[in-house]
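Visitor: Take this sequence and fold it.
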Amino acid sequence: MLHTVRFLAWAEVYVPNGTPVKALRLKPQTDSTPLLLGEERDAIIHAQAVRMTSGATQKVVRPGPHSCAGAMESDAIITSAANPRIKDLARLRAHRGKTAGDLILVDGPREIDRAVGAGVQLVEAFYCPAALKPETKAALERCRGRGAKCIEVAAHVLEKISYGDRRDGLVVTAARPRRRLADLRITPTSLIAVIEAVEKPGNLGAILRSADGAGVDAIIVADAATDVFSPNVIRASTGIVFSLPVFEAAVADVHNLLQSNGVQLVAAAPDAKTHYTDIDFRKPSAVILGSEAKGLSAIWRDLGVMTAKIPMMGRADSLNVGTTAALFFYEARRQRGAVS
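Guide: Numbering: from 1, shown residues only. Have a look, this model is predicted:
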């Protein structure tokens, strides 16, 4: 027996200067295949040299089972964390502002599935084959079916763009969903949540989950103090941020729209005289929740918005905004009748 190498695929290898070079991707194999000589041997040497080039990205063309005839283009491969695209995504991951532009990052099969189900436009899917679980493999194929550009990456590369300690083997980029407040449809049974200047992504995500569970029809984030589609909000909401109609607008615009449509405005406030259970939520209503640090802005009080409180029996004067939201939402659901 001779120790030989068998041709696996042509690889179009992109080195840092951007020049594509065709080379052979090979692996050792012991069988009776004839030894490769001449130009084929040189191609092997060149391919090995290119693999050692920092920042190389390979675009692989895999042949059919027996020959190169009818080869189909497959996924690009990124093996270096110094790749410019990976650096861009790492900066996007680290962003801590109100908005990070037109692209968002989505981790986790459940969150990705909810983005797909909501019709969010997927752009890229970065995956590490060795880290993929059955559910993330299925999510990857759904991304491929939706037209996302699938890119294989090394494990250390995926780690650089993944959220926290998530090791699902898949990170997706998507176009940021955008909705106009004017498109919000208000009906005689509408239940709407208005979240004003909430700073903590975890609280915003928790409010979204409670709103979904209680059957809230829409969420309006007024004067946003955090990125509504940040990875933290996406994870904390388990992707519900994609499933619910979420709008962003200025406080004054929100007030004008709701008031002009006859929506009852009820703001949660610890100094209110009325208990939240005494409010009639059976009419079209909006529950208004202020920020953790500052509470409601003056505009709501100046406009005479109704306030309601949760009774507190201890020394604390209020609950976490996420807990407050859940109590108000489910009280409205209780009054309107539970639905399965």
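
Visitor: did I read that right, residue 277 in a helix?
Guide: Yes - Residue 277: assigned to a helix according to DSSP: H, G, I helix; E, B strand; the rest coil.

Visitor: That one and residue 331 touch, don't they?
Guide: Yes - between residue 277 and residue 331 there is a contact under Cβ atoms under 8 Å: 5.8 Å. For every residue, glycine as well, the C-beta is placed using N, CA and C.

Visitor: The two - which one has more neighbours?
Guide: residue 331 (20 against 14; other Cβ atoms under 10 Å).

Visitor: what helix or strand does that one sit in?
Guide: Using DSSP states H and E, residue 331 falls within helix 321-336.

Visitor: tell me which residues in that helix are buried?
Guide: Neighbour-count burial for helix 321-336, counted by 16 or more other Cβ atoms under 10 Å, picks out 321-322, 324-329, 331-333, 336.

Visitor: residues near residue 303, how many?
Guide: 13.

Visitor: Please apply the same query to residue 89.
Guide: Neighbours of residue 89 using other Cβ under 10 Å come to 21.

Visitor: mind listing what residue 217 touches?
Guide: By Cβ atoms under 8 Å, 6 or more residues apart in numbering, the contact set of residue 217 is 187, 190-192, 245.

Visitor: quick one: contacts for residue 171?
Guide: 89, 105-107, 125-127, 158, 161-163.

Visitor: among these, which are in strands?
Guide: Applying DSSP state E to the contacts of residue 171, the entries found in strands are 105-107, 125-127.

Visitor: In a helix, residue 91, correct?
Guide: Yes - membership of residue 91 in a helix is supported by three-state DSSP.

Visitor: Tell me how many other residues crowd it.
Guide: The criterion is other Cβ under 10 Å. On that basis, residue 91 has 11 neighbouring residues.

Visitor: From residue 101, how far out is it?
Guide: To residue 101, residue 91 is 10 Å away according to Cβ to Cβ, to the nearest Å.

Visitor: which residues do those two both contact?
Guide: Here residue 91 and residue 101 have no joint contacts, going by Cβ under 8 Å, 6+ apart.

Visitor: how about the helices in the stretch 201-340 of the chain?
Guide: 201-214, 231-236, 240-243, 251-260, 298-302, 321-336 (DSSP state H, counting those that start in this stretch).

Visitor: By mean pLDDT, show me the worst of those.
Guide: With a mean of 83, helix 298-302 has the lowest mean pLDDT of these.

Visitor: Just the C-alpha atoms of it, please, in PDB.
Guide: Extracted in PDB, the C-alpha atoms of helix 298-302 (Å, rounded to 0.1, in the frame of the first residue of the first chain):
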ATOM      1  CA  ALA A 298     -43.400  65.200  33.400                       C
ATOM      2  CA  ILE A 299     -45.300  65.100  30.100                       C
ATOM      3  CA  TRP A 300     -47.600  62.300  31.300                       C
ATOM      4  CA  ARG A 301     -48.500  64.000  34.600                       C
ATOM      5  CA  ASP A 302     -48.900  67.400  32.900                       C
END
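
Visitor: from the middle of its chain, how far away would that helix be?
Guide: 34 Å (Cα atoms, centre = their mean, to the nearest Å).

Visitor: Which positions in it come out as buried?
Guide: 299-300.

Visitor: List of residues touching that helix?
Guide: Here helix 298-302 makes contact (Cβ under 8 Å, 6+ apart) with 196, 251-252, 255, 265, 267, 288, 290, 307.

Visitor: among those residues, which two are most distant?
Guide: Pairwise distances among the contacts of helix 298-302 were taken by Cβ to Cβ; the largest, 18.8 Å, belongs to 252 and 307.

Visitor: Of those two, give the one with the bigger neighbour count.
Guide: Just comparing residue 252 and residue 307: by other Cβ under 10 Å the higher neighbour count belongs to residue 307, 21 against 12.

Visitor: so who does the more buried one touch?
Guide: Listed by Cβ under 8 Å, 6+ apart, the contact partners of residue 307 are 266-269, 271-274, 296, 301.

Visitor: Next, the angle from the helix holding residue 331 to helix 201-214.
Guide: 10 degrees (axes from the mean of the first three to the mean of the last three Cα atoms, to 10 degrees).

Visitor: Just the buried ones from the contacts of residue 217?
Guide: By 16+ other Cβ under 10 Å, those give 190-192, 245 as buried.

Visitor: From those, pick the one nearest residue 80.
Guide: Proximity of these to residue 80 (Cβ to Cβ) peaks at residue 245, which lies at 40.6 Å.
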